[in-house]
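**Q** okay, structure incoming, though there's no sequence with it:
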Ligand code: KIV
Ligand code: ZN
């Protein structure tokens, strides 16, 4: 039994602290901590996974937001993969300032030259070249011996160094590889000029204690001065964040991660989780990143609004419930003192707790200021268009939240492709008969409005049928998701529809306080996206 008069043991770490009263949680602890670099691969490992493909303009928007978030490196893509990938990396290298811009390349001269050309316009550029480290990969996939792999890797790094100063080398599948071979391989590529040595858990197989040992083993034996050890964890066992943190304990000083943890299969290490874990514990560990935590939520929202793929409500940091206290005991505690059940505030990660920010009497300047503080920099034309939409929304809704503004901006900046830029002029649905009948009016850029009628199983089905008739585009929808952007019955609804086309999952989204209108906009956005990816046929059947 504990004795109440007993003095509690002194904690062996700095006292627990609360974000609200500590600006370090938002701005980082650069002056007093060791820096862990954040290498964001949302636009490469994330973008290549099903449902997350982005067009070039969307990639630029994400890249600019990642720069505001304060990531150290943006892996912008895999330039050899396609002309579109090359162009996207090159435009990010041209237009995004701040972070190092990296391009991925296999260990061939052709890949490396393509990556070098793509990142060339960047202020600071990196080539990330990769091979494999495990016998499973070498025997079955690359079909080369360990020696041959080492020889080619060294040659590739030397070639990459002839094109850029900053070269990173990765050997895939290190967690199922022979440790001593890895030491030889990483030593050889570091001596050849690789400045960052990335040690990926490609298949998401390892456990935190095991990964920590592996990283320590390599860090202690690869004795090349100045190299940075990096980690890249996949989440197949839900351990990507834990494994990355374990690697930092062993000396890794770069973490590769993605927004919302997107990526191959179960995804990559989630940036927001790993960055906040390091930030919340920075005082006691002496280790932190340069992430501007107040930009985290905007970045997560931007990605979900571009891709139409929402995050689960209970996701740490960015999920809808991440800061919601539901139980009576918790609510009572938080009302008395936030520290009782909160380890960080929603504001510290840029969440507004649905504060009302603007009302129907707010002017254009107020809107512009608010958009700027949310990380947007609209052009005059975008601002005017968003202001018009804002006025319509403010008439319909009592309160306009930050989340609504992010949705309006996303709607406005959705890229419109010439030739398939249909917009919804109006629609109406008569539901009195056996099946609802929709009348839909659409307009194409520069053209006169056209209208059609159709009946369907429900109002959404009827409206989409009329759109199919007018546009001549029939896309079979695989998934239809509707979610409320904020609380309340007057909330804007966000509809995301997706279909598998040309081997890729494509998504279109629409937003409105009227869910039928949001559904129509989402379908039109999907048509635009399919057309912008050269899915030109008139009838687009979703693939199995
Ligand atoms: O998972 C992996 O190993 C990769 C490499 C290309 C770093 O994505
Ligand atoms: Zn990966």
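**A** Received, thanks. Computed from a predicted structure; not experimentally measured. Numbering: from 1, shown residues only. Ligands and ions are numbered 1, 2, ... in the order given.
**Q** switch to C-alpha atoms for all contacts and neighbour counts from now on
**A** OK.
**Q** what number of residues lie near residue 299?
**A** Residue 299 has 25 neighbouring residues, counting by other Cα atoms under 10 Å.
**Q** SS state for residue 128?
**A** Three-state call for residue 128 (DSSP: H, G, I helix; E, B strand; the rest coil): strand.
**Q** go ahead and confirm it touches residue 164.
**A** No. Counting by Cα atoms under 8 Å, residue 164 is not a contact partner of residue 128; they are 10.6 Å apart.
**Q** so between those two, which is more surrounded?
**A** Relative neighbour count places residue 128 above the other of residue 128 and residue 164, with 27 against 15, counting by other Cα under 10 Å.
**Q** that one: what's it in contact with?
**A** For residue 128, the contact set (Cα atoms under 8 Å, 6 or more residues apart in numbering) comprises 102, 103, 104, 105, 167, 168, 169, 170.
**Q** can we see that at 6 Å?
**A** Neighbouring residues of residue 128 by Cα atoms under 6 Å, 6 or more residues apart in numbering: 103, 104, 167, 168, 169.
**Q** what's the answer for residue 126, then?
**A** 102, 166, 167.
**Q** from residue 125, how far off is the first one?
**A** Put plainly, it is residue 102. According to Cα to Cα, to the nearest Å, residue 102 and residue 125 sit 6 Å apart.
**Q** who has more neighbours out of these two?
**A** Ranked by neighbour count (other Cα under 10 Å), residue 102 and residue 125 place residue 102 first, with 34 against 24.
**Q** what pLDDT is listed against that one?
**A** pLDDT for residue 102: 98.
**Q** cool, the one 3 residues further on as well?
**A** For residue 105, the model assigns a pLDDT of 98.
**Q** identify the bridge partners of residue 127.
**A** Applying DSSP bridges to residue 127 yields these beta-bridge partners: residue 103, residue 167.
**Q** so for whatever helix or strand residue 367 lives in, what's the average pLDDT?
**A** Assigning secondary structure by DSSP states H and E places residue 367 in helix 364-373. What helix 364-373 shows for mean pLDDT is 82.
**Q** now do the buried residues in that helix.
**A** 364, 367, 368, 370, 371 (16 or more other Cα atoms under 10 Å).
**Q** what's the closest of those to residue 263?
**A** Taking Cα to Cα as the measure, residue 263 lies nearest residue 371 of the buried residues of helix 364-373, at 28.9 Å.
**Q** list the pairing partners of the helix or strand harbouring residue 425 within its sheet, with orientation.
**A** According to DSSP H and E, residue 425 maps onto strand 422-430. Applying DSSP bridges, strand 422-430 is found paired with strand 437-444 (antiparallel).
**Q** can you tell me the element the closest residue to ligand 1 within the stretch 301-450 of the chain falls in?
**A** At 19.6 Å from ligand 1, residue 303 is the closest residue in the stretch 301-450 of the chain, using Cα to the nearest ligand atom. Element membership for residue 303, per DSSP H and E: helix 296-307.
**Q** and the buried residues of helix 364-373 as JSON lines, adding distance to ligand 1?
**A** Below are those laid out as JSON lines (distance: Cα to the nearest ligand atom, whole Å):
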{"residue": "364", "distance to ligand 1": "44"}
{"residue": "367", "distance to ligand 1": "40"}
{"residue": "368", "distance to ligand 1": "39"}
{"residue": "370", "distance to ligand 1": "37"}
{"residue": "371", "distance to ligand 1": "34"}
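**Q** picking that back up, which neighbours do residue 128 and residue 164 share?
**A** Counting by Cα under 6 Å, 6+ apart, residue 128 and residue 164 have no contacts in common.
**Q** beta partners for the residue in the stretch 401-544 of the chain positioned nearest to ligand 1?
**A** Per Cα to the nearest ligand atom, residue 504 is where the stretch 401-544 of the chain lies closest to ligand 1, at 18.7 Å. Residue 504 forms beta bridges with residue 501, as assigned by DSSP bridges.
**Q** picking up where we left off before, which of the contacts of residue 128 has the most neighbours?
**A** residue 103 (31 neighbours).
**Q** that concludes my questions; thank you for your assistance.
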